[in-house]
Structure formats: structure tokens, C-alpha cells
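>>> Sharing a model prediction with you, sequence too.
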Amino acid sequence: MVAAASAVVAVATVTGAISALDGGRDADAAKSAATGSPHPDRRTAEPRPSPTVTKSLSPRPTSPSPSLSRSAAASVPTQQSSTVSALLYRHPDSHVLDWVRAHPADPRTPVIASRIADRPAAVWLTDPSPSTIASRVRAVTSGAAAQGRVPVLVAYAIPDRDCGGASEGGAPDLDAYDRWIDAFAAGLGSGEVVVVLEPDSIAQAGCLSADRRATRLASLARAGRVLKAADPKARVYYDAGHSGWHPAGEQAALLRQAGAASAASSDGIFSNVSNFRTTADEIAYDRRVLDALGGPARLGAVIDTSRNGNGAPPDGAWCDPAGRRIGRAPTLSTGQARIDAYLWVKLPGESDGCQGAPGTFSPSYAYALASS
């Protein structure tokens, strides 16, 4: 990774439309389950970086967030935990749940359990083998359907993933990736599901040659079409990076090439995955991207709020930086126009690579995030 994103190391809408899933109800509970997030937290506000079911990682340096006008800032609720939607799914397998179950007497356990482990979080699918991905996706979607809840899946197997950084890997080529997406789609079922499609795949595409970038974007457009054709209730979101990375118009141009403006492949964009930008900055940025993107008016944005409670470090640090805290609780009811959801895509406490190996759970870091 280089200087402007937010990475991941994982394992494992229209505002009105997705809000309707909540039925106007917010309820405490719904738990967290990511199998990992594998990409390091990408870069900073600089020009551009040249982030299996698993558990999570994120690398990108971050730089000072663009300032928000007073009127815009005033329209954004303060960053405190909000009520969790009862309809978001907490997968019963994650690093944090493993740790909580194994350490009932640890004095940090009550805080970590109540403020992180009990939140719904994304499930990362990173194993590039088409032969197993359908069953892995199906295990999550069927579990969520049995509870009447909405799972969040992260597809993370694009070739040249993370441009050779901490979360490198992915399918060997785009033909193999297309087959992987076909198998992924086969596991979706017919219920509501949110798909976060390939973090950093668009914002970090500057590391590729022009030809390879074009073929990647075409493959991502195909991926969205396949996923939505397989499950018409699936909501597919594309990589918008974050507010400290690329200018909104530049990011929108790439998103358009990747199919993010097409109703056949997209429900909108996602931002701040594994990063620390404030919710206010991301709301303002995502709206600018959506305006520049065009497409159906129903397109919306989802924001990763898992670790943005204190915003980005002023020095641009991205690897398990000190002084951060968890952000808004996951919900499908944000009360913000064109902002479909606040999600925990990166599971708090899973290391970017400094508190432990990328994607491994660090109880000390989790406790610091949850108790600050």
C-alpha cells in the first residue's frame, strides 16, 4: 500500500429502499461477525496510492480530513453509538467472539463483549477458490435468513489485490475471478443481503497499467450484474475510497467505468473501509461522489464507521493508530439522505499489522477502541 487509502485483511441504496428493511424499528442487539478483513488501511489525502471467510485487516495511511462547512456539519449527528438495527446479522463466528468465549474472566471482556462482539459486522470472503465460495456464502446468507436479518458480505478476491501490499493475493487472473463471482452469486439465495464489492479495487487501481485497469473495471461491472441477477434483493456497493483519498469527480469517473452508475449492477458506493475518517466527512464526500456519478436517483452510500469515532490521526498513521475509538453502531436507518447504512466492515480489534499479524485479533487494541 502506498499513501492514500484504507486497507483490509480479511478472512472469512436507495435510502428509502434499504431503510424499509428496518421497518422503522431500531433495536439493540444483532451481533458482530466478520471473519476478517484483510487489507491494510490505505493511504492519505495525497494523490493516490500507486487495502475463506476470515477475520479483518486494514492498511492505508490517512491524512487530515477535508473540513466540512458549518451547515453541512450541523446536519450530521454527533458521533456516538446509535441503536443497532435488529435486522442486521451478527455471524456467530469471528475472532472477537472466539476471544470473548475463551477469556470470560479477563477484566477487559465485558467492555469488548458489549461494545464490539455484540455488534453486527461484515463477513469477509477472501479465499479465491471457486469450488468452496458458494457454500461459504450460503452458510452466511442461510443463517441470516433463518433469523430474518440482513447479512453484510465483503467480496475480496480481485486479482492483484492490494497491489502487492499487506493484503496481497486474490484470484490468479480475471477469468478465474469471474468464475469466483459466479460461484459467490450462487450462494446468495433470495433474501436481502448487502455486498461490499472489493475494497480498494477502484480507489487503488492506479497501481495498474491503463489496460489492466480497464479490464479490472469491466470485470467489476460484470460482477455487479451477476450478483444482482442471481439475487434481485442483493444490494451491491462499489469502492469509493474515502474522503481523504481521491477527488470526488475523479473517483466517480472510475466508478462509472466499473458499472456503479448502472441499476443493473449497483446500488451505490461504499467508503471509509478500514479507515478512520469522520462520518460527517464521509457523508459530504459520498454525496459529492454520487452527484458526480450520475445514474438512478436511488443510488446511495454505505459508510464503515467501525473505527472512526475520533476521526483520522493528524499524522496520517494508518496501522493500528493510538487514540482511535469505535464509531456509530451499525444500522440500516441513518436518517441521512442518500446514506443507506452505517456498517462495521472492518471489525474493531483486528490488527492492521502493528498490534499483531494483519487480521489477527488484539484484545488490547480492541479494549482501547471500545473504552476510549
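The structure has been received and is ready for your questions.

>>> so what does the host helix or strand of Leu290 touch, helix or strand wise?
Using DSSP states H and E, the secondary-structure element containing Leu290 is helix 279-293. Using 3 or more Cβ pairs under 8 Å, 6 or more residues apart in numbering; DSSP states H and E as the contact criterion, the neighbours of helix 279-293 among helices and strands are helix 70-74, helix 248-257, strand 268-271, strand 300-304, strand 339-343. For every residue, glycine as well, the C-beta is placed using N, CA and C.

>>> Among those, show the one with the smallest mean pLDDT.
Of all the helices and strands packed on helix 279-293, mean pLDDT reaches its minimum on helix 70-74 (a mean of 33).

>>> How far off centre is the next helix or strand after it?
Following helix 70-74 in sequence order, the next helix or strand is helix 95-102 (DSSP H and E). Relative to the mean C-alpha coordinate of its chain, helix 95-102 is positioned 22 Å out (Cα atoms, centre = their mean, to the nearest Å).

>>> mean confidence for helix 95-102?
Taken as a whole, helix 95-102 has an average pLDDT of 97.

>>> before we move on, what about stretch 141-152?
According to the model, stretch 141-152 has a mean pLDDT of 97.

>>> in the protein, which segments are predicted with low confidence?
Residue ranges of the chain with pLDDT under 70: 1-86.

>>> Let me see the ranges of the strands in it.
Applying DSSP state E to the chain gives strands spanning 53-54, 123-125, 152-155, 193-197, 234-239, 268-271, 300-304, 339-343.

>>> Can you tell me which of the ones you listed is most buried?
Burial among the strands of the chain, expressed as mean neighbours by mean count of other Cβ atoms under 10 Å, is greatest for strand 123-125, which shows a mean of 33.

>>> Check the offset of that one from the chain's centre.
Between the centre of strand 123-125 and the centre of its host chain there is 10 Å, according to Cα atoms, centre = their mean.

>>> Just give me the neighbour total for the nearest residue to Ile133 once chain neighbours are set aside.
Leaving out its chain neighbours, the residue that sits closest to Ile133 by Cβ to Cβ, 6 or more residues apart in numbering is Ala183, at 4.7 Å. By the measure other Cβ atoms under 10 Å, the count of residues near Ala183 is 18.

>>> give me every residue that touches Ala183.
By Cβ atoms under 8 Å, 6 or more residues apart in numbering, the contact list for Ala183 reads Pro130, Ser131, Ile133, Ala134.

>>> Can I get the strands of the chain in CSV including distance to Ser142?
Compiled in CSV, those are given as follows (distance: least, Cβ to Cβ, whole Å):
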stretch, distance to Ser142
strand 53-54, 14
strand 123-125, 13
strand 152-155, 13
strand 193-197, 11
strand 234-239, 14
strand 268-271, 24
strand 300-304, 23
strand 339-343, 21
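
>>> So which of the ones you listed is nearest Gly249?
Distance to Gly249, taken as Cβ to Cβ, is lowest for strand 268-271 among those, at 13.5 Å.

>>> What's the separation between Val150 and Ala253?
Taking Cβ to Cβ, to the nearest Å as the criterion, Val150 is separated from Ala253 by 31 Å.

>>> Which residue ranges of this protein form helices?
Using DSSP state H, the helices of the chain run over residues 15-19, 70-74, 95-102, 109-112, 130-147, 174-186, 210-230, 248-257, 279-293, 363-371.

>>> sorry, back to before: neighbour count for Val150 and Ala253, which is higher?
Remark: of Val150 and Ala253, Val150 carries more neighbours, 25 against 13, as counted by other Cβ under 10 Å.
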